[in-house]
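Visitor: Coordinates for the following, if possible.
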Amino acid sequence: VQLVESGGGLVQPGGSLRLSCTASGSIFNINAMGWYRQAPGKQRELVARITKGGITNYSDSVKGRFTISRDNAKNTVYLQMNTLGPEDTAVYYCNAQGIIATTFLPESWGQGTQVTVSS
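Guide: Residues are numbered from 1 along each chain as shown. Next up is the predicted model:
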């Protein structure tokens, strides 16, 4: 199982970006998918998470600005990020939990995509 992210880049403050992450492999089910981020010198933190049934949770710092969504048929999770600020600059990692494929995987991570918010 591989998680491949896309959509990162450089954006000006106040701008928007949309991240995508697709899980590939012989996957039958993924329980939860989400996004974490890690800024330089800081610990990795949860940004947003969504279950297969569509239940979401967000970190307080992104509530009202970021929206997570998911296409179960495509094993893809999205993160729409609006009103970005310099504090959102980080490497964003896709995460999947409870993966039923040819075997059971408790968790898998993507390689990360850089988001830089700067003028």
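Visitor: Give me the local confidence score for the most centrally placed residue in the chain.
Guide: Centroid-nearest residue in the chain: residue 35, 2.7 Å away (criterion: CA atoms, centre = their mean). What the model reports as pLDDT for residue 35 is 98.
Visitor: wait, is it part of a strand?
Guide: Yes - under DSSP: H, G, I helix; E, B strand; the rest coil, residue 35 falls within a strand.
Visitor: Excluding covalently adjacent residues, which one is nearest to it?
Guide: Leaving out its chain neighbours, the residue that sits closest to residue 35 by CB to CB, 6 or more residues apart in numbering is residue 47, at 4.4 Å. Where you see a C-beta, it was placed from the backbone N, CA and C, and this is true even at glycine.
Visitor: can you give me phi and psi for that neighbour?
Guide: Phi and psi for residue 47, reported as degrees, to the nearest 10, are phi -100, psi -50.
Visitor: That one contacts residue 37, doesn't it?
Guide: Yes - in this structure residue 47 lies within contact range of residue 37 using CB atoms under 8 Å: 5.2 Å.
Visitor: Please report how far the closest residue to residue 56 other than its chain neighbours lies from residue 95.
Guide: Leaving out its chain neighbours, the residue that sits closest to residue 56 by CB to CB, 6+ apart is residue 50, at 4.8 Å. Using CB to CB, to the nearest Å, residue 50 is found at 11 Å from residue 95.
Visitor: Now do the shared contacts for these two.
Guide: Common contacts of residue 50 and residue 95, defined by CB atoms under 8 Å, 6 or more residues apart in numbering, comprise 33-34.
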